[in-house]
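> Could you look at this predicted model? Sequence included:
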Number of protein chains: 2
Amino acid sequence: MARAGLTAERITRAAADLADEVGFDNVTVSALARHFGVKDASLYSHVKNLRDLRTRVAVLAAGEMVDLIAAAVAGRSGKDALAAFAGAYRSYALRHPGRYAATQSKVDLAQVADLAPFLRTGELTYGMLRAYDLAEPDLTDAVRLLRSTFHGYTSLEAAGGFQHSRDVDASWDQAIEALHVLLTHWPRASKEER
Amino acid sequence: MARAGLTAERITRAAADLADEVGFDNVTVSALARHFGVKDASLYSHVKNLRDLRTRVAVLAAGEMVDLIAAAVAGRSGKDALAAFAGAYRSYALRHPGRYAATQSKVDLAQVADLAPFLRTGELTYGMLRAYDLAEPDLTDAVRLLRSTFHGYTSLEAAGGFQHSRDVDASWDQAIEALHVLLTHWPRASKEER
DNA sequence: TCTGCTAACCTAGTCATCCTAGGAAGGAAG
DNA sequence: CTTCCTTCCTAGGATGACTAGGTTAGCAGA
């Protein structure tokens, strides 16, 4: 019998593709085994268990996503960078819903070998805000607000949470515009706040 | 043998409690049956299937949540109303993570008998923005941005997505403050936008 | 009190999935 | 050609969703 040529990487990639098709939660070891024309048990030589597989998909997706965002932001600053970051973020989340869901799943970071993809996203975000001249703790607050908005908007949109009365792309552009205005008029923490 | 006194409502409530304990995705018919000291099959006389059960939990949670928000917002307007809305929203999401996850799960609204809880949230949000004097389409855009931020922040916080370097409550207060500023300086859509 | 009916609940079974233990075969290194 | 590791297998246990069809509790009416 011919070997299927299984690898942790190939399995992870197939799992990510499957997640984009049927949803991250519906990725099953059995379905992957069928995809490779192989028995379920065979996958366990390459992947510890389902949680391990999910973690691998999360790392893969986080890496892909941060690469795309980095490429989009490169050479831009201020409002341009903000729009590029947001556009790349939303584009990835909508194009790869399963992969994106993976990045948002509770991953035990202690289990992750390569933390770089997760850390780079933070660095990119902080870098993007450099143009707005914020100091801590405003900087962290602004980062959190941006992340929340990006994640919230895309996940609500992907879940069909918005009615169709108003174009979703236009709303998004407007949201970016609004966030830019917000960052330029950021209400700085007064001294009595810590 | 004594009857357990099962009801769709009792099952739904138990499922919601279980969801808050172990997570919405980990709610299982078997576990609920065990909780009632009953066989799995018995639940299917009251609830069609797992999806039906999840939908019921979602409706229950949405109703509870909108009631709390409505109570918090009542009699307030402007920034006060915004802070009250946001506080009630976040408080519910953090106190009842399983229930909150249920409200965010993709619910086939065609299956839901009572749509009122879902519609009331929208009404409350639009009402809250009345003080900021926005016209369409800015109004819808602002609503979407607020919902995105609230949902994004609470779900990132619940998932442990924020580092511990900066107090999460303080960041939240600052975010509300920032959103208030944003709403008062909202960049209105110019005429060439539709 | 007895009869009947309608649920509520059960037994028994199917199917899908995750996962483990241990065996056989491909194929590269010696 | 032999050795040995890895890949993939068979076999099987456990849990969970769900169905078909039977039994019984407990109430309504005679």
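Happy to help now that I have it.
> Quick one: name the residues of chain A near DNA strand C.
A:1-3, A:28-31, A:40-41, A:44, A:48-51 (CB under 7 Å from any atom of the strand). C-beta here means a position set from N, CA and C on the backbone, and glycine is covered the same way.
> ok, now with 10 Å
Within reach of DNA strand C by CB under 10 Å from any atom of the strand, chain A has these residues: A:1-3, A:5, A:22, A:26-34, A:39-45, A:47-54.
> Just these: which are in helices?
A:22, A:29-34, A:40-43, A:50-54 (DSSP state H).
> what sits against A:Ile138?
Quick fix: residue A:138 reads Asp, not Ile. Residues near A:Asp138 by CB atoms under 8 Å, 6 or more residues apart in numbering or on different chains: A:186, A:188-189, B:174.
> For those, give me CSV that also has secondary structure, neighbour count and pLDDT.
Converted to CSV, the contacts of A:Asp138 look like this (DSSP: H, G, I helix; E, B strand; the rest coil; neighbours: other CB atoms under 10 Å in any protein chain shown; pLDDT from 0 to 100):
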residue, secondary structure, neighbour count, pLDDT
A:Trp186, coil, 22, 92
A:Arg188, coil, 11, 82
A:Ala189, coil, 18, 72
B:Gln174, helix, 24, 96
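> Check those residues against DNA strand D and report the nearest one.
The closest of the contacts of A:Asp138 to DNA strand D turns out to be B:Gln174 (CB to the nearest atom of the strand; 41.1 Å).
> What ranges in chain A fall below the confidence cut-off?
A:1-2, A:190-194 (pLDDT under 70).
> for chain A, what spans make up the helices?
A:8-22, A:29-36, A:40-43, A:50-73, A:78-95, A:97-104, A:116-128, A:138-158, A:168-184.
> Would you mind listing the buried residues in stretch A:4-23?
Neighbour counts over stretch A:4-23 (16 or more other CB atoms under 10 Å in any protein chain shown) mark A:6, A:11-12, A:14-20 as buried.
> sorry, back to before: which of the ones in helices among the residues of chain A next to DNA strand C come close to DNA strand D?
Within those, those near DNA strand D by CB under 10 Å from any atom of the strand are A:33, A:40-43.
> From what I see, A:Val143 and A:Thr125 are in contact.
Yes. At 5.1 Å, A:Val143 and A:Thr125 qualify as touching, with contact defined as CB atoms under 8 Å.
> Mind putting the contacts of A:Asp138 into JSON lines with distance to B:Ala101?
Putting the contacts of A:Asp138 into JSON lines (distance: CB to CB, whole Å) gives the following:
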{"residue": "A:Trp186", "distance to B:Ala101": "31"}
{"residue": "A:Arg188", "distance to B:Ala101": "35"}
{"residue": "A:Ala189", "distance to B:Ala101": "32"}
{"residue": "B:Gln174", "distance to B:Ala101": "26"}
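> Closest to DNA strand C out of those residues?
Nearest to DNA strand C among the contacts of A:Asp138, with distances taken as CB to the nearest atom of the strand, is B:Gln174, at 40.8 Å.
> Now list the buried members of the ones next to DNA strand D among the ones in helices among the residues of chain A next to DNA strand C.
Here, 16+ other CB under 10 Å leaves A:33, A:42-43 buried among these.
> now, among those residues, which is nearest to A:Gln163?
Closest approach between those and A:Gln163, by CB to CB: A:Ala33, at 40.6 Å.
> And the ones in helices among the residues of chain A next to DNA strand C, which two are furthest apart?
A:Val22 and A:Ala41 (22.0 Å).
> And the residue of chain A closest to chain B?
A:Gly152 (2.7 Å; CB to the nearest CB).
> My guess is that residue contacts B:Tyr153. True?
Yes. Taking contacts as CB under 8 Å, A:Gly152 lies within contact range of B:Tyr153: 7.3 Å.
> Look up how far A:Gly98 lies from A:Ala33.
18 Å (CB to CB, to the nearest Å).
> can you pull the contacts of the nearest residue to A:Arg99 once chain neighbours are set aside?
Nearest residue to A:Arg99, sequence neighbours excluded (CB to CB, 6 or more residues apart in numbering or on different chains): A:Ala61, at 3.7 Å. Contacts of A:Ala61 were listed using CB under 8 Å, 6+ apart, and they are A:16, A:96, A:99-100, A:102-103.
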